[in-house]
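Chemist: Here is a sequence with its predicted model. Questions after.
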Amino acid sequence: MGKHLNEQGLCVYSGFWWKLALPHLALPVHLVVSLGALAWAASRPKGWIAIAVSVPLGFLIWTLFEYALHRWLLHHKRYPLLRRVFWNGLHREHHMYRQMMDPDHRTVHLAISLPIVLMLVGSVGLATVSGWGLAILGGWLLSYCIYETLHWLYHICDPERGLGKFLWVHGVGHAHTVHHFHHAGKNYGFTTIFWDRVFGTYLPIEQTRAREGYGLREGQPAAAGRDEQSRYQLEKEA
């Protein structure tokens, strides 16, 4: 178990502890928890009605949550404490990679995410008597699994082949490429670009200066002056 730096100064993780953050291990665990919450909701009076109505609502809530978390916390730079916790501690390293393809892409570590979701499910389940709260939470957690799956695909799939050509993955995946290599202040959504359009932060890849930007997945330099690598280097030197 451990981690070390490679020649690019990026962490290389090894050992069982770090494997608990791999998508193919973490995602099934969270899927079981989300389905468990929905099953608990279904066991209550009119639970199936609650599920039918609340799961889509849970997805809508999740998409706004992921946008807000990504934009205003994970990219927070103003207040030192928030910057250390969210940008420096959780997100900066992810933006330091020089290509989209990342076969070792990781989710939020189970040691962080699993206690949180178990506490949420237990608290809502014990504090309510109907199935509505659990159904909304189950939909929200199921949407978290969708988010982690999509984010994983953005960093392991060729956007022109296989799953990468699927309309949803293709469109939002290109938006995520823009976020990483063209303008880190745009395209905060992972599962949808809806909230980026609402808040005016959507930037299509066709409007970036490096219009052939798909090559960035193979390590080509990003658009000069706006890429995350340049910004990180300036912050590091400041």
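Modeler: Good, I have the coordinates.

Chemist: Helices of this protein, start to end?
Modeler: Along the chain, the segments classed as helices by DSSP state H run 16-19, 23-42, 47-68, 80-82, 92-96, 110-127, 132-156, 167-181, 194-199, 228-237.

Chemist: May I have the residues that are in contact with the most far-flung residue of the chain relative to its centre?
Modeler: Centroid-distance maximum for the chain: P45 at 34.1 Å, with C-alpha atoms, centre = their mean. Residues near P45 by C-beta atoms under 8 Å, 6 or more residues apart in numbering: 130-131. In short, each C-beta sits where N, CA and C put it, glycine included.

Chemist: and the gap between it and V129?
Modeler: P45 is 8 Å from V129, where distance means C-beta to C-beta, to the nearest Å.

Chemist: again with G173
Modeler: Distance of G173 to V129, given as C-beta to C-beta: 42 Å.

Chemist: These two: which is more packed in?
Modeler: Between G173 and V129, counted using other C-beta atoms under 10 Å, G173 has the larger neighbour count: 24 against 10.

Chemist: Quick check: that one vs G189, distance?
Modeler: 11 Å.

Chemist: cool, G47 as well?
Modeler: 31 Å.

Chemist: Give me the more crowded residue out of the two.
Modeler: Set G47 next to G189 and count neighbours by other C-beta under 10 Å: G189 wins out with 25 against 20.

Chemist: wait, the more buried one sits on R197?
Modeler: No. Using C-beta atoms under 8 Å, G189 is not in contact with R197, being 9.0 Å away.

Chemist: low pLDDT regions in the protein?
Modeler: The model of the chain has pLDDT under 70 over residues 1-14, 159-165, 167, 209-238.

Chemist: and if we set it to 50?
Modeler: Along the chain, the parts satisfying pLDDT under 50 run over 1, 5, 211-238.

Chemist: Who are the contact partners of the closest residue to H91 other than its chain neighbours?
Modeler: Excluding its sequence neighbours, the residue lying closest to H91 (C-beta to C-beta, 6 or more residues apart in numbering) is L74, at 4.2 Å. With contact taken as C-beta under 8 Å, 6+ apart, L74 is in contact with 86-87, 90-91.

Chemist: circling back to that earlier point, nearest to Q207, out of the helices of the chain?
Modeler: helix 167-181 (8.6 Å; C-beta to C-beta).

Chemist: now the angle between helix 132-156 and that closest one, please.
Modeler: Put simply, helix 167-181 runs at 70 degrees to helix 132-156, going by axes from the mean of the first three to the mean of the last three C-alpha atoms, to 10 degrees.
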